[in-house]
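Sequence and predicted model, in that order:
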Amino acid sequence: MGASFDDWFYRALVLLVVSCPCALAISTPVSMVSGITSATRNGVLIKGGEYLEEMKNVKTVVFDKTGTLTEGCLEVTDIFTFNGTSMDDVLRISTSLESHSKHPLAKAILKKSKEVGVQLEEVHNFKSITGTGLKGEINGKTFYVGNKTLFRDTNRFKDEDIPLGRIKKLEEEGKTAVLLGNQQEIMGLIVLMDSIRDDANKTIRFLKRNGIKTVMLTGDNQGTARGVASQLGLDEYYHGLLPEDKVEKIDELVQNHGHVAMVGDGVNDAPALARANIGIVMGAAGSDVAIETADVALMNDDLVKIEYLVKLSRKTMGVVRENVILSILIKTSFAILAVLGFITLWMAVGIGDMGLSLTVILNALRIGSQKFQ
């Protein structure tokens, strides 16, 4: 083409420098590291870049109720006794059984018993019946404490033996009823109530504004679930679910919507957290199993951090896209110009290689300096 060997050799060196893919190669990882680092400083632990990326694609966010949408700090509001049982006996027996459980209901009953100075009994053959309640022997007698399903499943109680009318009324008020009984009769009813988190409404409104469907899964009764869902304006809610039911519902939502995030805190949520595309645990209050299973942990139990997480994911992936496009455009244009002889070696190094790499890094660092709330 009429040029000397030295000229083409120089152009080849320039092209070699320009074609080095450093900037393109680091575009994604440096942005991900910057995003994850920013999240950590803001109390959100993300276990990998793929989870930060996945959050941008989420179409449905599923919430557990107790300890997630609600404070999880249940309080005993009323105690009813039946069949000549004293209030002291109801508290003493139920607390003795609940002392072996880590459920929020158990903590509330234990707190009430400490306030009134109830003495615990030794429990033998203790058994936790998933999703319904507890069973154990005290002084040679078998006792049950749990929801109405537990007593129906024992095959010893008919519906007329259970105060269903009173329980229904309590559920309509957004309260939770815990029954205590032995193998012959219902002995008492403990009423508890939880309050909705202050930041739950804000989080739900943000998700709905951004076209993300909100769903609640809970093992609680229909009345309590409906009350919480109504106050928060959730799109859907499902009640009376066992851990395996939650997993099935997550599978169904994944099949229908493609990208689902699950937010929970307890042992019962762990299977659902694992099955969702991205599992988010309320870190400080969450159980060890849930924290180990989840992909993201909100260390301050701050539900608003979900809004931060969505914005961070979108911003991070936006920066990744900017870096990749910038790298491809600069590299391609410089490669063409290098062949034509319009690019010098110092321009190839200072702009097309080292300069572009530094630009990509500095652009990624912007993620950590921006506020998303």
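Everything's here; your move.

Next, Asn201: phi, psi?
Dihedral angles of Asn201 (phi, psi; degrees, to the nearest 10) stand at phi -60, psi -40.

list the contacts for it?
Taking C-beta atoms under 8 Å, 6 or more residues apart in numbering, we find Asn201 in contact with 231-233. For the C-beta atoms, the positions are set from N, CA and C on the backbone; glycine is no exception.

how much space between it and Thr224?
From Asn201 across to Thr224, the span is 18 Å (C-beta to C-beta, to the nearest Å).

ok so, going back, what about the contacts of Asn201, which one has the most neighbours?
Leu232 (20 neighbours; other C-beta atoms under 10 Å).

circling back to that earlier point, any idea which of the contacts of Asn201 is closest to Asp301?
Distance to Asp301 across those (C-beta to C-beta) is lowest for Leu232, with 17.1 Å.

Asp199 is in contact with the closest one, correct?
No: taking C-beta atoms under 8 Å as the definition, Leu232 is not a contact partner of Asp199, at 11.1 Å.

pLDDT score assigned to the residue most central in space within the chain?
Using C-alpha atoms, centre = their mean, the residue of the chain that lies closest to the mean C-alpha position is Val263, 2.1 Å off. For Val263, the model assigns a pLDDT of 93.

So what does it look like in phi/psi?
Torsion angles, degrees, to the nearest 10, at Val263: phi -120, psi 120.

And Ile129, by the same measure?
Torsion angles, degrees, to the nearest 10, at Ile129: phi -100, psi 110.

ditto for Ile186
In terms of degrees, to the nearest 10, the main-chain angles of Ile186 are phi -80, psi 130.

Okay, now the unreliable bits of the stretch 51-200 of the chain?
Within the stretch 51-200 of the chain, the ranges that satisfy pLDDT under 70 run 154-155.

can you pull out the strands in it?
60-64, 75-81, 124-129, 133-138, 141-146, 176-182, 186-193 (DSSP state E, counting those that start in this stretch).

Tell me which of the ones you listed lies nearest to Ile367.
Proximity to Ile367 (C-beta to C-beta) singles out strand 60-64 among the strands of the stretch 51-200 of the chain, at 22.3 Å.

the longest helix in this protein is where?
Criterion DSSP state H: the longest helix present in the chain is helix 305-340.

Okay, buried residues for it please.
Going by neighbour count (16 or more other C-beta atoms under 10 Å), the buried part of helix 305-340 is 305-313, 315-317, 319-320, 322-324, 326-327, 330-331, 334-335, 337-338.

Over to stretch 204-212?
For stretch 204-212, a neighbour-count test (16+ other C-beta under 10 Å) marks 204, 206-207, 212 as buried.

nearest to Asp89, of the residues you listed?
Closest to Asp89, out of all of the buried residues of stretch 204-212 and judged by C-beta to C-beta, is Ile204, at 42.0 Å.

Tell me how far that closest one lies from Gly72.
Counting by C-beta to C-beta, the gap from Ile204 to Gly72 is 17 Å.

Equivalent analysis for Leu164, please.
Plainly put, Leu164 is 27 Å away from Gly72 if you go by C-beta to C-beta.

neighbour-wise, which of those two wins?
Remark: of Leu164 and Gly72, Gly72 carries more neighbours, 21 against 13, as counted by other C-beta under 10 Å.

count of residues packed around the closest residue to that one other than its chain neighbours?
Using C-beta to C-beta, 6 or more residues apart in numbering and skipping the chain neighbours, the partner closest in space to Gly72 is Pro104 (4.9 Å). Look at Pro104: counted by other C-beta under 10 Å, it has 21 neighbours.

pretty sure Pro104 is touching Thr68, no?
No: using C-beta under 8 Å as the test, Pro104 is too far from Thr68 to be in contact (10.7 Å).

What is the neighbour count of Ser96?
22.

picking that back up, wait, which of the contacts of Asn201 is closest to Lys169?
Of all the contacts of Asn201, Gln231 has the smallest distance to Lys169: 18.6 Å, by C-beta to C-beta.

mind giving me the domain ranges of this structure?
Split into domains by automatic domain parsing, the chain comes to 5-29+311-369, 48-71+196-299, 75-193.

Of those, which is nearest Asn42?
Of the domains of the chain, nearest to Asn42 by C-beta to C-beta is domain 5-29+311-369, at 8.2 Å.

What's the end-to-end length of that closest one?
50 Å (C-alpha to C-alpha, to the nearest Å).

now it: mean pLDDT?
Throughout domain 5-29+311-369, pLDDT has a mean value of 89.

do stretch 217-225 as well
pLDDT averaged over stretch 217-225 gives 83.

Can you show me the CA trace of that stretch as CSV?
Taking Å, rounded to 0.1, in the frame of the first residue of the first chain, the C-alpha atoms of stretch 217-225 are listed here in CSV:
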residue,chain,number,x,y,z
LEU,A,217,-46.5,-15.8,52.7
THR,A,218,-47.4,-16.7,56.3
GLY,A,219,-48.2,-19.6,58.6
ASP,A,220,-50.7,-17.3,60.4
ASN,A,221,-54.4,-17.5,60.2
GLN,A,222,-56.5,-15.9,57.4
GLY,A,223,-57.8,-13.0,59.5
THR,A,224,-54.4,-11.9,60.7
ALA,A,225,-52.9,-12.2,57.2
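
can you list contacts of it?
62-66, 131, 147, 167-168, 170-177, 216, 228, 237-242, 246, 249-250, 268, 272.

Buried only: go through these for me.
Counted by 16+ other C-beta under 10 Å, the contacts of stretch 217-225 give 62-66, 131, 147, 167, 170-171, 174-177, 216, 228, 237-239, 241, 246, 249-250, 268, 272 as buried.

From the residues you listed, which land in helices?
Among the buried ones among the contacts of stretch 217-225, the ones falling in helices (DSSP H) are 167, 170-171, 228, 246, 249-250, 272.
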